[in-house]
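Novice: Prediction below, plus the sequence it came from.
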Amino acid sequence: MQNSRMPQPTVTSTAKALTGPQKALRKLGLLRPIDLALHLPLRYEDETRLVQLRDVREGEVAQVEGRVTHAEVKLGGHRQLLVTLDDGTDTCLLRFFTFYPSQQQALAVGNRIRVRGEIRGGFAGLTMMHPVVKPAGGELATALTPVYPTVAGLPQTYLRRAVQAGLARVELADTVPPQYLQDIGLQPAWHLRQALSFLHNPTPDVSLDTLQDKSHPAWQRLKVEELLAQQLSQLQARRARARLRAPVLTGAGAGSLFERLLAALPFQLTAAQRRVVDEISQDIARPVPMHRLLQGDVGAGKTVVAALAAAQCMDAGWQCALMAPTEILATQHFAKLVGWLQPLGVTVAWLTGSQKAKERREMLALITSGQAALVVGTHALIQDKVQFHKLALVIIDEQHRFGVAQRLALRDKLGSQLQEPHLLMMTATPIPRTLAMSYYADLDVSTIDELPPGRTPIVTKVVNDSRRDEVIARISDQLAQGRQIYWVCPLIEESEALDLRNATETHAQLSAALPGVRVGLLHSRMPTAEKKAVMRQFVSGQMGVLVSTTVIEVGVDVPNASLMVIEHAERFGLSQLHQLRGRVGRGAAASACVLLYSTGDMPRLGETARERLKAMAQTSDGFEIARRDLEIRGPGEFMGARQSGDAMLRFADVIEDAVLLDWARRLAPLLLEQHPALAEQHVQRWLGGKAAYLKA
Ligand code: ADP
Ligand code: MG
């Protein structure tokens, strides 16, 4: 039953007294008519035809007309309205758990009605729960009915009208010259307006499959537009950056900090490390801001590369900042960098949120005066109070865990308005190189594709949770040999409470099973001081077993830990498992990783989980795992995770639409040269206010 008193949708951005649905539209970012027009359906419902009950199948959404032959309110248990509908071919039971007297009237025996809902089977015969009810005999829709992604408080009917209003008002003159569209076989007849109108109101004769898998020309047109916008904006960003000035960081001659650090390291750089150090040196020796992603598998040795870049920055008389996503990780970087650089006379400052006020004041003074040439810390680095003296290089570890806003904030920290700092982003979640190159038109990519020598390979085993006792016996073994063990419990984001129970239960179980062994517990809800204390005990070797949620995910370095058990491994992404696994195998001892999976009451699900996990046992190459992760999860999710929320592509898919991506990459510079006004209009339309963000 549709509510005819629903307020008319309006697309305004005035701040005063927004209604619930208006607020919800804002929440979805649907402010301008173009935003609404580009808010495309998730799927469609077919209200263009009626079906007969004898033809319907369980699970399908059907629209049926018939006569009410029975209606009763059943009391006891759940009060519900039960209505029998007969269309002459069969009957269907309609169930309503909430209903108004007016609805009851509409459903009185003898009335002819039209209902639409999902057909369910069951022993009462065909059933529909809460179908949409209208009087019979009304006109049928002429187009498929779109179903849009929405949020609570924003009904489909309201959203549909808002989208149609946006579509009617939006200016949609083509910005892609037709001759280029022909290059990829797109009919010029699919103008942007035609494509959008079609996707919002497809004609009933269209094959739903081509809409679902986005192979329909209307979808192709949209993908092409989106990819072009993404490439154009990155190209613009690259050109804008090329016009900016950055400090020239040279001076690494004999006796420089760079040379002394290199000489003092207890190891030789690998060839891959030398190569990326060179790439970075060349970038920062130019008066243009570097914008480089350094990717390398877990344990590939990115920290020392960062330290060498910092050394060159300091050699040139400038400050360097290194930001890490968690306090534990920042602590480790700090310890490592102090160990390397303090003996060479460098003052390293330290900033985190949990710091005591006095210490913080001292650190801020060191940073502002420039006495501290290197600053290591967490998000605390980008707070307003932090004033750098002469910041020239910003290094961000695990960059995908930071939002764009945070990266922008750090960039704004450079004292002088005329210059920008160089930016080096590091990640251990590699993306396939070709993808990185074509997708991140605005990023230079360096890759460490070789591990330091002498690493013992990690043996990975996939084990059913029913064999938990054997795993615990294995732990005893390792402990007897003086080794340490990580036991990781999953982090279920929706339910921190469940998370905690999992970790605390396991902690109790292991404590009981391993008398005389210190078993620690680490989870995200603990106060920082407590976390630090636990971590300290584990790092110093006093603690044998550390049970934790994924807070140890990145960067923790305890060479004596030789066994990692991951509980509910089926709940992790492969890349994440790979990261976790990288916490062992850092010393000389042979190391192992046990992936415990549980089938619960779904043995079949368990089987696919096991198959997936076997990929982990078969390879230790992070790039290969990233590739399989891509196959399994699909690039949308993969890239989405990397971008941590700043979704870059909504429609196109960088893998599946590689041909279109390639086309967009080639067209972007041409369009900028030959039709700069169209290019600008295109970017504005697609990215609007977000354009500045995406350039970060
Ligand atoms: P990641 O790339 O995962 O951040 P790290 O920088 O933490 O890796 O390095 C992992 C370990 O390898 C550290 O203990 C580091 O000191 C060591 N390491 C780095 N480079 C080399 C090298 N060329 N030879 C031997 N050990 C190295
Ligand atoms: Mg690291």
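Specialist: Ah, there it is. Numbers count the residues shown, from 1 in each chain. Ligands and ions are numbered 1, 2, ... in the order given.
Novice: where does the residue of the stretch 551-696 of the chain found nearest ligand 1 fall, helix, sheet strand or coil?
Specialist: Closest residue of the stretch 551-696 of the chain to ligand 1, C-beta to the nearest ligand atom: D557 (5.6 Å). Using the backbone N, CA and C atoms, a C-beta is placed for each residue, glycine as well. Recorded secondary structure, D557: coil (DSSP: H, G, I helix; E, B strand; the rest coil).
Novice: check contacts around it.
Specialist: 332, 336, 586 (C-beta atoms under 8 Å, 6 or more residues apart in numbering).
Novice: confidence score at R433?
Specialist: Among the per-residue scores, R433 shows a pLDDT of 58.
Novice: Over to E493?
Specialist: 47.
Novice: Q387 versus V277, what's the distance?
Specialist: Per C-beta to C-beta, to the nearest Å, V277 is found 30 Å from Q387.
Novice: Check the chain for its longest strand and report it.
Specialist: strand 61-74 (DSSP state E).
Novice: what does the stretch 151-300 of the chain put close to ligand 1?
Specialist: 267-270, 273, 296, 298-300 (C-beta under 6 Å from any ligand atom).
Novice: Repeat the analysis, applying 5 Å as the threshold.
Specialist: Residues of the stretch 151-300 of the chain that fall close to ligand 1, judged by C-beta under 5 Å from any ligand atom: 267, 270, 298-300.
Novice: Widest-spaced pair of those?
Specialist: Within those, F267 and V298 form the most distant pair, 17.3 Å apart (C-beta to C-beta).
Novice: out of the two, which sits in the busier spot?
Specialist: Neighbours were counted for F267 and for V298 using other C-beta atoms under 10 Å; V298 has more, 20 against 11.
Novice: quick one, what contacts the more buried one?
Specialist: 428, 578-579, 581-582, 622.
Novice: same deal with G20?
Specialist: Here G20 is in contact with 153-154 (C-beta under 8 Å, 6+ apart).
Novice: Quick check: pLDDT value at it.
Specialist: For G20, the predicted pLDDT is 85.
Novice: re the thing from before, residues of the longest strand of the chain that come out buried?
Specialist: For strand 61-74, burial by neighbour count (16 or more other C-beta atoms under 10 Å) applies to 61-66, 68, 71.
Novice: which among these gets closest to ligand 1?
Specialist: V61 (49.7 Å).
Novice: For the closest residue to V276 other than its chain neighbours, which residues count as its bridge partners?
Specialist: In space, V276 comes closest to S446 once its chain neighbours are excluded; the distance is 4.2 Å by C-beta to C-beta, 6 or more residues apart in numbering. On the basis of DSSP bridges, S446 is bridged to L294.
Novice: Enumerate every residue touching S446.
Specialist: With C-beta under 8 Å, 6+ apart, S446 has these contacts: 275-276, 279-280, 292-295.
Novice: With neighbour count, pLDDT and distance to K461 as extra columns, can I get those residues in TSV?
Specialist: Compiled in TSV, the contacts of S446 are given as follows (neighbours: other C-beta atoms under 10 Å; pLDDT from 0 to 100; distance: C-beta to C-beta, whole Å):
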residue	neighbour count	pLDDT	distance to K461
R275	16	97	35
V276	27	97	33
E279	17	97	38
I280	25	97	38
R292	20	91	38
L293	21	88	33
L294	26	92	32
Q295	25	88	28
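Novice: Need the max-distance pair from those.
Specialist: Across the contacts of S446 (C-beta to C-beta), the longest gap, 14.8 Å, separates R275 and L293.
Novice: Now do the helix or strand harbouring F198: which elements does it pack against?
Specialist: Using DSSP states H and E, F198 falls within helix 192-200. With contacts defined as 3 or more C-beta pairs under 8 Å, 6 or more residues apart in numbering; DSSP states H and E, the packing partners of helix 192-200 are helix 156-169, helix 217-243.
Novice: quick one: the closest residue to Q537 other than its chain neighbours from ligand 1, how far?
Specialist: Spatial nearest neighbour of Q537, chain neighbours left out: M543 (4.2 Å); criterion: C-beta to C-beta, 6+ apart. From M543 across to ligand 1, the span is 20 Å (C-beta to the nearest ligand atom, to the nearest Å).
Novice: show me what contacts M543?
Specialist: Neighbours of M543 in contact, by C-beta under 8 Å, 6+ apart: 484, 518-520, 534, 537.
Novice: same thing but at 10 Å, please
Specialist: By C-beta atoms under 10 Å, 6 or more residues apart in numbering, M543 lies in contact with 484-485, 517-520, 534-537, 558.
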